[in-house]
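Q: Quick one, fold the following:
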Amino acid sequence: MPRFNCFTGFARCRLGGRAVCHRTIRSNGNRSAAVLTLTRFFTAALLLFCACAEEPKVDPVKPESGEYGMLEVCVRVVNQPLKKGAAVNGAAATAQTVAENLVVEISGSDLSPTQFRVKLNAARTTVVDTVKKVPIGEARKISVWAVNKEGGKTHADTIEYRYADIEKAKVTRIFATLIPAAGSIYLHINGLETAVVTVHASFTSRDGELVFKNSAAKAPHTFLSIDNIPHELDGVLRVSLVDKQGDTLKVATNEFVFNARGDNIFDLQFIENSGMLGMDATLYAPGVTIASYDFDKPASNVGETGELIITEIMYNASEENYIELYNPKDQTVSVDTLAVEVDKTACYFPNVSIPSKKYFVIGRKALPYADIVANSPNSLPIVSTGNWITVRRGRAGAVLDRVICGGTNTAVGWPAGTSSGGKRSVELSRDKYGAMENNFGKNWAAADQLITGNSNVYGTPGR
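A: Have a look, this model is predicted:
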């Protein structure tokens, strides 16, 4: 019997999505015929294997050549002047806040971050431009910011990133608002002890390369700011109270990442030999931090309920001083005893009710627009150098609202235009009606309307 009497083989693969079965190969005969048959079979099998091998992997969502869309970018650049009073070491590039170019970065699961640059016109606050040849794809991740001529970031988007679908040969539109990518820390300190002559403050990056600092002499109301702090700088805030010999009497420190976008609240602690003293600090977009402490009070940390909010303040107008309150609630707010404190001077008003969404004016004297009059000739001593104004429920009850008014101190964000000799109130912006928002001077503006019946006093009490 021949050595190779018979061989049977079977092959199966998929070609063009169909299963293909190859005929059984059978050979009978002598050895050479068998060898020839086997050779032919293995050659055919090898060719079949190569033909049926798995195709190379191709990213199915990677856009082919020419598959692009367009992105129309509508950007509003908010240029708020940064303060010049701070001493800045090692941060010259950061202080350059003039935006030269708009940067649009687009990325996705199939697309590495790709940047496009658009030249900015410093004279225009709104930019509308079209970025062409944007690779198509769904849920493209889009980030927008502005840089100066050195490439340093000057403005950040109010939203960290957004998503949009880019379709072939179509225009997709996005809107963005850019705010300065730097801001200030405002310090409000009241009631400093006699031994203190200077307040020093600094914000230092963790690597120690960037130092932002400032100092101020002690005053009845001590205000100072640390300015031009870059967005997302991770650093340490240090506040020191120093005597005339240069010795530090008390110090407060806190570590945090400065944020020009969101809101953040944290506690700062003064440390002294006798123990700890609390200090409130609030971070609020766009990049303003307020830190405050009142040494005249047994406890500085207070919560504001916001049942009533302070919306207008007339100061340095002598007997025409007034404070306007607003009820933001959907129901009437009634208080058995309404306490209004200006620094150490307090006034008490029994049985006060303010209807929903209405204003209530407290006057220093009987003014035509005052709903109630203070009960002391020394009441409402609101002055241009600043005051701590607190409205509370009862003599020692919950704080409804508190505003540390900087007066004419524009260094801590309060509006210019209210000269120390003028009679012009400051008004809270209507879109900032809140117990937290009214703590920031940047949300207030000097009144520009004359009070009805007055020829030299500006304000809008009760309206």
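Q: As a check, name the ranges of all strands in the stretch 251-400 of the chain.
A: 264-272, 275-284, 288-294, 309-314, 322-326, 333-342, 345-354, 359-363, 372-373, 387-393, 399-405 (DSSP state E, counting those that start in this stretch).
Q: chain center to whichever helix or strand comes after the last one: distance?
A: Sequence-wise, the next helix or strand beyond strand 399-405 is strand 426-428, with elements assigned using DSSP states H and E. Per CA atoms, centre = their mean, to the nearest Å, the displacement of strand 426-428 from the mean C-alpha position of its chain is 22 Å.
Q: Identify the neighbouring strands of whichever helix or strand comes after strand 426-428 in the sheet and state each direction.
A: Using DSSP H and E, the helix or strand that directly follows strand 426-428 along the chain is strand 444-446. Using DSSP bridges, the strands paired with strand 444-446 are strand 426-428 (antiparallel).
Q: Give me the contacts around the partner strand.
A: When contacts are defined by CB atoms under 8 Å, 6 or more residues apart in numbering, strand 426-428 is touched by residues 309-313, 315, 405, 414-415, 418, 437-438, 443-447, 459-460. Quick note: C-beta positions are derived from backbone N, CA and C, even for glycine.
Q: Take the strands of the stretch 251-400 of the chain and lay them out in TSV including distance to residue 135 and mean pLDDT.
A: Formatted as TSV, those follow (distance: least, CB to CB, whole Å; pLDDT from 0 to 100):
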stretch	distance to residue 135	mean pLDDT
strand 264-272	36	60
strand 275-284	37	46
strand 288-294	38	74
strand 309-314	49	94
strand 322-326	51	95
strand 333-342	56	94
strand 345-354	58	93
strand 359-363	55	95
strand 372-373	66	92
strand 387-393	56	92
strand 399-405	51	91
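Q: if we compare those, which one ends up closest to residue 216?
A: strand 288-294 (13.2 Å; CB to CB).
Q: The closest one - contacts with which helices or strands?
A: strand 182-190, strand 234-242, strand 264-272, strand 275-284 (3 or more CB pairs under 8 Å, 6 or more residues apart in numbering; DSSP states H and E).
Q: Now with 6 Å, please.
A: strand 182-190, strand 275-284 (3 or more CB pairs under 6 Å, 6 or more residues apart in numbering; DSSP states H and E).
Q: check contacts around the residue nearest to residue 340 when sequence neighbours are not counted.
A: Nearest non-adjacent residue to residue 340, counting by CB to CB, 6 or more residues apart in numbering: residue 347, 4.9 Å away. By CB atoms under 6 Å, 6 or more residues apart in numbering, residue 347 lies in contact with 340, 374, 375, 379.
Q: Which of the residues you listed are buried, as a PyMOL select command?
A: The PyMOL selection below is limited to those of these classed as buried (16 or more other CB atoms under 10 Å):
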select buried, resi 340+374+379
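Q: Farthest pair within the contacts of residue 347?
A: 340 and 375 (10.5 Å).
Q: Spatially nearest residue to residue 175, not counting backbone neighbours?
A: Per CB to CB, 6+ apart, closest to residue 175 is residue 74, 4.8 Å.
Q: can I assume that neighbour is in contact with residue 128?
A: Yes: counting by CB atoms under 6 Å, residue 74 touches residue 128, with 5.1 Å between them.
Q: quick one: common contacting residues for the two?
A: Contacts common to residue 74 and residue 128, judged by CB under 6 Å, 6+ apart, are absent.
Q: now the stretch 1-150 of the chain, which segments are flagged as low pLDDT?
A: Across the stretch 1-150 of the chain, residues meeting the criterion (pLDDT under 70) sit at 1-66, 79-97, 122-125.
Q: One more pass at 50, please.
A: 1-65, 80-96 (pLDDT under 50).
Q: cool, the stretch 151-300 of the chain as well?
A: 273-279, 281, 285, 298-299.
Q: now do 90
A: Low-confidence segments of the stretch 151-300 of the chain, defined by pLDDT under 90, span residues 151-162, 164, 169, 173-193, 206-213, 219-233, 238, 245-300.
Q: For residue 404, give the beta-bridge partners.
A: Going by DSSP bridges, residue 404 forms beta bridges with residue 388.
Q: if I pick it, what's in contact with it?
A: 188, 292, 388.
Q: One more pass at 7 Å, please.
A: 188, 292, 388, 439 (CB atoms under 7 Å, 6 or more residues apart in numbering).
Q: go on, residue 172?
A: Taking CB under 7 Å, 6+ apart as the test, what residue 172 contacts is 69, 71, 72, 164, 165, 166.
Q: for residue 342, same thing?
A: So residue 342 contacts 380, 381, 382, 387, 389 (CB under 7 Å, 6+ apart).
Q: What is the most widely separated pair among these?
A: Farthest pair in the contacts of residue 342, by CB to CB: 381 and 389, 10.5 Å.
Q: Against residue 291, how distant is residue 253?
A: Using CB to CB, to the nearest Å, one obtains 11 Å as the distance from residue 253 to residue 291.
Q: higher neighbour count, those two?
A: In this view residue 253 and residue 291 are compared by other CB atoms under 10 Å, and residue 291 has more residues nearby, 23 against 14.
Q: so the more buried one touches residue 189, yeah?
A: No: in this structure, residue 291 is not within contact of residue 189 by CB atoms under 7 Å, at 8.5 Å.
Q: any shared contact partners between these two?
A: Contacts common to residue 291 and residue 189, judged by CB under 7 Å, 6+ apart, are absent.
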